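> need coordinates for the below:
(one chain, ligands or ions: 1)
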Amino acid sequence: MNKQKLKESMQRNCQVKYGKSIEKAVSYQIWNSLSLALLEEIVENWNQTQEIYKKQKRAYYFSSEYLMGRALGNNLMSMQVYDEVKELLEEMHINLNEIEEIEEDAGLGNGGLGRLAACFMDSGAVMNIPLSGYGIRYSNGLFSQKIVDGSQVECVDEWLKYGDPWSIRKDDLAVEVTFDDFTVRAIPYDTPIIAYGSKNVNTLRLWKAEFLESFDFELFNNQEYDEAVQAKNRAEDISRVLYPNDSKEEGKLLRLRQQYFMVSASLQDIIRSHKEEHGLDFTTFDKWHVIQLNDTHPVLAIPEFIRLLVDEEGIKFEEALAISQRIFAYTNHTILQEALEKWEMDLIEQLFSRISEIIIKLDEHFEATLADKDYEEEVLEQFHIIQDEKVHMANLAIHVGFGVNGVAQLHTDILKERELHQWYELYPEKFQNKTNGITPRRWLRLCNPELSALITELLGNEDWVMDLSKLDELEKYVNDESVLKRLMAIKHTKKVQLAEYIKETQGIEIDPNSLFDIQIKRLHEYKRQLLNAFYILDLYYELKENPTKEMPSVTFIFGAKAFPGYERAKAIIKFIGQIQQLVNEDEEVNQKMRVVFVENYRVSLAEKLFPAADVSKQISMAGKEASGTGNMKFMLNGAPTFGTYDGANVEIVEASKEENNFIFGLRVEDIAQIEDEYDPQAFYENDKNLMRVIDSLIDGTFSDGGTEEFEELHDSLLEGTSWHEPDQYYLLADFKAFKEAQEAVLTAYQDEMSWAKMCLMNIAHAGVFSSDRTIMEYAKDLWDIKPIRI
Ligand code: 26V
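Numbers count the residues shown, from 1 in each chain. Sure, this is the predicted structure:
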């Protein structure tokens, strides 16, 4: 990289964008100018990559979510110019770290599913796979979280407030998306996905919705200003926010509009380029294109594709369906029933009646194909796309798609044996497993440069960044004390950095010499943050009774956002807040334990948390967490897993061995055994300690501000409600085993060298959890695509 050239480009960009020189610019202006200068560097490679990709089959990832996080640091790393640019900025008296920190996260996703999409984008580029992402460019991503008096308060996310220097708006590629009541313009914004280690640059293309004209001029002329902007707003609403609350009819309609908007625009785009490159021959469409549906959110792509082919290209329905059956594959990301999308037929009819016609035709078609199978009436009913006037999106995807995959071995097994068993019997050849992965670039090389440097030194080169299986070779250092000591010193450094950050941002002091036990993920009952909270409270009581208990001092860290309408999840946040206050303010115990709920958990904060963890908490009820990917990020940064046999934990423990982790609790098959006669009350009555912590919800120990939220939590465990049995996620059944496993952690942590060995063994066996491996499996087993390099 030519430093002088980059500097000039920064200057130029700053002058034309802000009318001032870099020397006079403030942080966000420097961030923009630098980002634009870097974009300038890669634009030619980007265009070249896209040209080369046209020579062969391409894959398109259709996803309603991309949780990208920050771009600048990541791109500097991918371009392998981080240190050089840092130096250059220093010469200019600019601190790169400060510039990185002002960047807002692109938080266009809710959690695991969206972050997986982001990791896949990175791996697609690095593995030189012609993979493009398609999605929506929400003006506001996932809400930002404030904790006010212990409660979650949601604030709008303004990720675009300083601009979006990494995306290029392409008005020339805009398309129109037509609903039955109005038409909008979809404008693509392209963001480069820069490969580490090669010149390839892939594309993430996100659509923004705009009104066809800027406003209704006639209305405006007649001085009906409000009406004039109304139509404009209605159009722009479509890409305004991620996942709008859909508990009301209006919200549902908007969400459905978003889904259709995204798939229609993307398919029009793909069909246009197909016609440019291959003319009107659609019979070979599947030779050139394959579409991965990220969960059910983009499944309307199937009827929309058929509509585009039949209505716009004059192809017969049967032919269009046959092509669809060769280009769509579907990934399932959860077995939770409440998360499986079903859309009321009348909503679909209201918004796009032609799509509803096609869905009905598809339903009839598949019913006919099953005619000779002699299914019982009830079994046959389950295969219908339309049931009780609702469209079952997963059924549509499974009938039509050529592939159906789960995201970890256990998850795929459960799909095959239970949740989708009848589908597996009908279409066994469609089912596959693709265990998730994470990008080692962001989740090690970028977020933990200290550990990266040690690994590079030990392995003699940086090849591991592109081939994470190289980490295997670290196992030979498992008895090397000096390496183990350095590993622990790095962990300590990362803990100091995190402690400083928490002090700065939340004013809470934590001790980097204590054990950092971290649970960070979306808040959901099945993930059982409440079980962790119960344990912590129990430990507090134990310390009150026995202040000389032999144990290392521990800091319990939580980070989680609760869905705004999910009252119980919000109550759990409040409960953790109350425990935090009780523990941290108690001089008798706060040298031995502390609790911190970090505010606004998001990608950029995750980058600070994973490297600083001593223990990775993965305690979902067995069978409920499809995979988890945070578990992999902890492992890669050298934290043993404290967890249940669930999701990818199973494979993590298989890779790094059970003795290097802390596995506890009921397994899937145990739960299957007891579920019919499970009696949480019995566990409650037979364990005084458990009783005490559960009672704390209702005996006045804590205050929920008079909302009765804590009582509701209490009852959810012991009484059940109209919609579920008591303790549906088996917290009480697992409490004792949890406590025993945690005792084992406290003991093990006191022997520094044997602890360090566990950390090293985890790092050394994390290679298989690279999303490079995952993406190559998709490319080979599902997409039939080989890498191609510029
Ligand atoms: C969505 C919803 C929406 C309605 C209320 C309840 C609920 C519960 C869960 C979900 C999850 C939707 C899909 C999802 O994000 N799945 C996550 O995908 C990750 C990537 O494959 C995986 O690692 C996580 O285990 C899985 O939860």
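> C-terminal to the longest helix anywhere in the chain, which secondary structure element comes first?
If you go by DSSP state H, the chain has its longest helix at helix 249-278. The helix or strand immediately downstream of helix 249-278 is helix 285-288, counting by DSSP states H and E.
> report the buried residues of that following helix.
Buried residues in helix 285-288, defined by neighbour count with 16 or more other CB atoms under 10 Å: 285-286, 288. The way it works is simple: take the backbone N, C-alpha and C, and place the C-beta from them, glycine included.
> ok, these vs the ligand, which is closest?
Nearest to the ligand among the buried residues of helix 285-288 is D286, at 25.5 Å by CB to the nearest ligand atom.
> can I get the buried residues of helix 285-288 in JSON lines including pLDDT?
Formatted as JSON lines, these follow (pLDDT from 0 to 100):
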{"residue": "F285", "pLDDT": "98"}
{"residue": "D286", "pLDDT": "98"}
{"residue": "W288", "pLDDT": "98"}
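> okay, now D181: neighbour count?
With neighbours defined by other CB atoms under 10 Å, the count for D181 comes to 10.
> secondary structure of it: a strand, I assume?
No: assessed with DSSP: H, G, I helix; E, B strand; the rest coil, D181 is coil; it does not lie in a strand.
> for stretch 339-353, what is the distance to the chain centroid?
Its chain's C-alpha centre and that of stretch 339-353 lie 26 Å apart, by CA atoms, centre = their mean, to the nearest Å.
> how about stretch 5-25?
Counting by CA atoms, centre = their mean, stretch 5-25 is centred 35 Å from the centre of its parent chain.
> test my guess that R234 contacts D181.
No: counting by CB atoms under 8 Å, R234 does not reach D181; the two are 9.1 Å apart.
> on that earlier part again, among the buried residues of helix 285-288, which one sits closest to L426?
Set against L426, the nearest of the buried residues of helix 285-288 by CB to CB is D286 (22.0 Å).
> other SSEs contacting whichever strand or helix holds L605?
L605 is part of helix 603-609 when elements are defined by DSSP H and E. Helix 603-609 is packed against strand 66-69, helix 481-506, strand 515-520, strand 554-559, with contacts defined by 3 or more CB pairs under 8 Å, 6 or more residues apart in numbering; DSSP states H and E.
> angle of the third one against strand 554-559?
For strand 515-520 against strand 554-559, the angle by axes from the mean of the first three to the mean of the last three CA atoms, to 10 degrees is 20 degrees.
> not counting its own residues, what contacts the helix or strand just after strand 515-520?
Going down the chain from strand 515-520, the next helix or strand is helix 529-545, by DSSP H and E. Helix 529-545 has contacts (CB atoms under 8 Å, 6 or more residues apart in numbering) with 519, 523, 549, 554, 556, 558, 560, 572, 575-576, 579, 582-583, 586, 588-589, 592-593, 595, 617, 619, 689-690, 692-694, 696, 713, 731, 734-735, 738-739, 742.
> and the helix or strand hosting L458, what's its mean pLDDT?
For L458, the element it lies in under DSSP H and E is helix 449-459. Confidence over helix 449-459 (mean pLDDT, whole number) is 98.
> how big is the angle separating that helix from helix 481-506?
Using the same axes, to 10 degrees: helix 449-459 against helix 481-506 is 160 degrees.
> list the buried residues of helix 449-459.
Buried residues in helix 449-459, defined by neighbour count with 16+ other CB under 10 Å: 449, 451-452, 454-456, 458.
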